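In: Predicted model follows, preceded by the sequence.
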Amino acid sequence: MYNEPMNTLLLHIKGSRMYNFTLFRPHLYIYTDRVVYKKRHILTHDEFSIHYKQISQANYINFIYLYAHIEIVTTGQRFIKIHWVPKRQAKTALKIIDEKIHQSHKKNVRTPEDGGQSEGYVKDFELSLKRLKELLGIGKITKKEFDKKRKQLLKKHY
């Protein structure tokens, strides 16, 4: 039987509705194995998923005092732009994406299961978040406690 690893949401960022001048702001969901971009329009809806191996570059563009832009360039024809993201969230997102890109492009990656050392902040963060998700799943903690601990982990690791 095929066991797919549990995909965990690491971070969800969204552009400012006011500065994007739209009711439907873009969203970026950063998971353990992929990035999902969602953007609604009046009559349509754009949504696509990109694996980290397909991302060639992620850019952080410092804009004004509180905001930044994130651009993700893929090996295909996709070019993701999320404008007017709070700087702190943008920096955290870029750090996670850069490390995930590095890990996915690395050859002969050794995991803790086969005797290798755990890989940096993201790996520790993922393991902690996975454990919290398991505790939530079996009912040991509430959703509110899960969200609080997840925010604490983000502050600790990023």
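Out: Received the coordinates, thanks.

In: In the protein, mark out all the strands, start to finish.
Out: Remark: strands assigned in the chain by DSSP state E are 9-14, 27-31, 34-40, 45-51, 55-62, 67-74, 79-86.

In: mind putting those in CSV, distance to residue 141 included?
Out: The way it works is simple: take the backbone N, C-alpha and C, and place the C-beta from them, glycine included. Formatted as CSV, those follow (distance: least, Cβ to Cβ, whole Å):
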stretch, distance to residue 141
strand 9-14, 16
strand 27-31, 21
strand 34-40, 25
strand 45-51, 29
strand 55-62, 32
strand 67-74, 31
strand 79-86, 27
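
In: and of those, who's closest to residue 156?
Out: strand 9-14 (13.6 Å; Cβ to Cβ).

In: Would you mind getting the angle between that closest one and strand 34-40?
Out: When axes from the mean of the first three to the mean of the last three Cα atoms, to 10 degrees is applied, the directions of strand 9-14 and strand 34-40 differ by 30 degrees.

In: Identify each buried residue in strand 9-14, please.
Out: The neighbour-count check on strand 9-14 (16 or more other Cβ atoms under 10 Å) flags 10-11, 13-14 as buried.

In: How about stretch 69-83?
Out: When neighbours are counted by 16+ other Cβ under 10 Å, the buried residues of stretch 69-83 are found to be 69-70, 72, 74, 80, 82-83.

In: of all these, which two lie farthest apart?
Out: Pairwise over these, using Cβ to Cβ, the maximum falls at 74 and 83, 18.0 Å.
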